[in-house]
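> predicted structure and sequence below. I'll ask about it afterward.
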Amino acid sequence: MSEEILSAIDSSVFGVWFLIGAALVFWMQAGFAMCEAGFTRAKNTGNIIMKNLMDFCIGTVVFILIGFGLLLGEDMMGIIGRPGFDIFTNYANFDWSNFVFNLVFCATTATIVSGSMAERTKFISYCVYSAVISAIIYPIEAHWTWGGGFLAQIGFHDFAGSTCIHMVGGISALIGAAFLGPRIGKFERNARGEVVKVNAFPGHNLTAAALGVFILWLGWYGFNGAACTTVEQLGSVFVTTTIAPALATVTCMIFTWLRYGKPDVSMCLNASLAGLVAITAPCDVTDAFGAIVIGIVAGLLVCFGVWFLDYKLHVDDPVGAVAVHCLNGIWGTLAVGLFATNAAPGYSIADAAGNEMTGLFYGGGFKLLGIQFVGFAAAAAWTAVTITITFVAIKAILGLRVSEEEEITGLDATEHGLASAYSGFALMDISNTLNMSVNENTDLGVDEYDKATEFQKNASVPVVTGPVKSDSAIHKVVIVTKLSRYDKLRKAMNELGVTGMTVTQVMGCGVQKGSGQKYRGVEMDVTLLPKIKLEVVVSKIPVEDVIEAAKRTLYTGKIGDGKIFVYSIDNVVKIRTGEEGVLALADAE
């Protein structure tokens, strides 16, 4: 009787822990949001938060309707679960705990992709993708492992999702980023289209990114440990889930210190996540030594992955999602076949005949490693095919990428009507983001400067000037225009001989009004657009030449392309001589 009572108590305790673990996994959504927002630019923070929120909310809707049945419904030929609506028709006997637990895992898979496609994806297109992966792509491949499908039947082992969640999300991230193309200014190309330089886009808030990583690490104890059924097994999983990311981070720190001269903060944050991803599949079947090796490899693999995507594949992944989740998801899956040991508490890996299997380095030979490879290959093939079809369809119907103007301005403003996620703070972001070729429809009917009439030129780029005395006079020229014209304008001034200039990012509006802003449904009286104000002072170069070069550069045939202000500077002397464009002036005595 006492044993029965203890067994019942034990079952209830671990049933409650199962749901607590689900809550920890849900809390990881906050970690993903903070991590992704911190690793990207401030002008897209609101968009990123919205995507991470909707991953879970949209995922819940489609998981109720179809995903849960495909994942855990009655097995059909080892491929899919039978769809059902027990949540509506038989709620009293519904498997509530399994539904919630698998829902939060499903949302994690979709969220992984957000980071690699950040800063340039249409919000509506992202919502559609998120729904597809939560409704079909994830539930079917997860059924193969966790729903009694064919991979489970042959002995494939993925305790918490290195393959089913992280590798699937990482492959989707890679394909999505490749479909989108890089952010504007990420890669510089020569005349043959070859990449000659990779530009860095530093994250705007490493504090938020670090907070996100710590939240994710905390949530990972539920991610890996929620399915444990004994205290001994849970303790072992906690140990391996701690060792692997710690060793990955130390390894990354040492490697970046030696390779780049300084320990890289953002890369070490990625390495912590890489170690967690890698230990996810084998966390219940490895010992401390196995976790150490798995972590060391993960720390090196994430560094290689980030470099490989930038310099070899030329795929722009803003947060390192592919290196963290795809590469280390694969590594963690294969690591089961190398480091699985029956010394681990609760060990339970057996082939179709019921024979226990251990890893290659623990005397088990290549059998388990081969099964792990089959499982990885099957899930990878399914994901690559289905996600490619999904992105092709979305691109054809809705389009995947925002316009160049929207990307430059930021998705907070263009997709959500949000002036800034940091209201009250002055934000400036001009690093590597202004090299944009303008491609707009025209309002004036002529988009070539030489073919335009004087009226059209003046309508596009009006000039406000005082009396211009002579070519030898000192003049200050102030040019206000769109962010997208800065690079061309700078080059035009340099070619003219103007090498000194002051550039300021400002907000303003003229004929082209900004869209009305709303917050919580209330309209805000804001119609400002981001602009560039470029100031130069010239004396040797005729001011008329500066004005003409600026007008020619700014002109796109659209009213409001820019505005030029010219001032004659009297009663001043130069206190510094040399190149044109000198800005150091003082009042004459």
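Yep, that arrived. Note that this is a predicted model, so its numbers are computed, not measured. Residues are numbered from 1 along each chain as shown.
> what about residue 365, which SS state?
Under the three-state scheme (DSSP: H, G, I helix; E, B strand; the rest coil), residue 365 adopts coil.
> and the pLDDT for it?
With respect to pLDDT, residue 365 scores 93.
> which residues touch the strand or helix carrying residue 176?
Mapping residue 176 onto the secondary structure by DSSP states H and E places it in helix 168-180. Outside helix 168-180, the residues within contact range by Cβ atoms under 8 Å, 6 or more residues apart in numbering are 108-113, 115-117, 120-121, 129, 133, 137-138, 141, 313, 315-317, 321-322, 324-327, 329, 379-380, 383-384, 387-388, 391, 395, 400-401. The way it works is simple: take the backbone N, C-alpha and C, and place the C-beta from them, glycine included.
> from the residues you listed, list the buried ones, please.
By neighbour count, with 16 or more other Cβ atoms under 10 Å, the contacts of helix 168-180 hold 108-113, 115-117, 120-121, 129, 133, 137-138, 141, 315-317, 321-322, 324-327, 329, 379-380, 383, 387-388, 391, 400-401 as buried.
> could you identify the helix or strand that succeeds the top strand by length along the chain?
Counting residues, the longest strand found in the chain (DSSP state E) is strand 529-538. Following strand 529-538 in sequence order, the next helix or strand is helix 543-554 (DSSP H and E).
> which residues touch that following helix?
Applying Cβ under 8 Å, 6+ apart, the contact partners of helix 543-554 are 449, 457, 460-461, 463, 465, 468, 471, 473, 475, 477, 479, 481, 485, 488-489, 492-493, 495-496, 498, 536, 538, 561-562, 564, 566.
> flag the shaky bits of the stretch 51-200 of the chain, pLDDT-wise.
Of all residues in the stretch 51-200 of the chain, none has pLDDT under 70.
> can you give me the helices in it?
Using DSSP state H, counting those that start in this stretch, the helices of the stretch 51-200 of the chain run over residues 68-72, 86-89, 96-116, 123-132, 138-146, 150-154, 168-180.
> contacts for the second one next, please.
Yep, that's helix 86-89 we're talking about. The contact list for helix 86-89, computed with Cβ under 8 Å, 6+ apart, reads 64, 68, 93, 94, 95, 99.
> could you point out which residue ranges in this structure have low pLDDT?
Scanning the chain for pLDDT under 70 picks out 1-10, 424-447, 466-473, 509-528, 570-589.
> nearest the geometric middle of it, what residue?
Nearest to the geometric centre of the chain sits residue 115, at 1.6 Å (Cα atoms, centre = their mean).
> who's in contact with the closest residue to that residue other than its chain neighbours?
Leaving aside its sequence neighbours, residue 115 sits nearest to residue 319 (Cβ to Cβ, 6 or more residues apart in numbering; 3.4 Å). Applying Cβ under 8 Å, 6+ apart to residue 319 gives the contacts 35, 36, 39, 40, 115, 116, 118, 270.
> farthest pair in those?
Pairwise distances across the contacts of residue 319 peak at 14.5 Å for 118 and 270 (criterion: Cβ to Cβ).
> tell me what the lengthiest helix in the chain is packed against?
Longest helix in the chain by number of residues (criterion: DSSP state H): helix 2-39. Helices and strands touching helix 2-39, by 3 or more Cβ pairs under 8 Å, 6 or more residues apart in numbering; DSSP states H and E, are helix 45-62, helix 96-116, helix 206-225, helix 265-280.
> out of those, deepest packed?
Most buried of the helices and strands packed on helix 2-39 by mean neighbour count (mean count of other Cβ atoms under 10 Å) is helix 265-280; its value is a mean of 28.
> next, the angle from it to helix 96-116.
150 degrees (axes from the mean of the first three to the mean of the last three Cα atoms, to 10 degrees).
> measure stretch 478-492 end to end?
End-to-end distance of stretch 478-492: 15 Å, with Cα to Cα, to the nearest Å as the criterion.
> before we move on, back to that, distance to residue 11 for the helices of the stretch 51-200 of the chain - can I get that in CSV?
Output for the helices of the stretch 51-200 of the chain, formatted as CSV (distance: least, Cβ to Cβ, whole Å):
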stretch, distance to residue 11
helix 68-72, 20
helix 86-89, 22
helix 96-116, 12
helix 123-132, 35
helix 138-146, 20
helix 150-154, 23
helix 168-180, 31
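> tell me which of these lies nearest to residue 235.
Closest to residue 235 of the helices of the stretch 51-200 of the chain, according to Cβ to Cβ: helix 96-116, at 20.6 Å.
> for the closest one, packing partners?
Secondary-structure packing of helix 96-116 (3+ Cβ pairs under 8 Å, 6+ apart): helix 2-39, helix 45-62, helix 68-72, helix 123-132, helix 138-146, helix 168-180, helix 321.
> out of these, flag the one nearest residue 242.
helix 2-39 (14.8 Å).
> got the buried residues for the closest one?
Using 16+ other Cβ under 10 Å as the test for burial, helix 2-39 gives 14, 17-18, 21-22, 24-26, 28-39.
> how far does that helix sit from the chain's center?
Between the centre of helix 2-39 and the centre of its host chain there is 26 Å, according to Cα atoms, centre = their mean, to the nearest Å.
> relative to helix 206-225, how tilted is that helix?
150 degrees.
> 823 is where my numbering starts, stick with that
Will do, 823 is the new start, and the previous item becomes helix 824-861.
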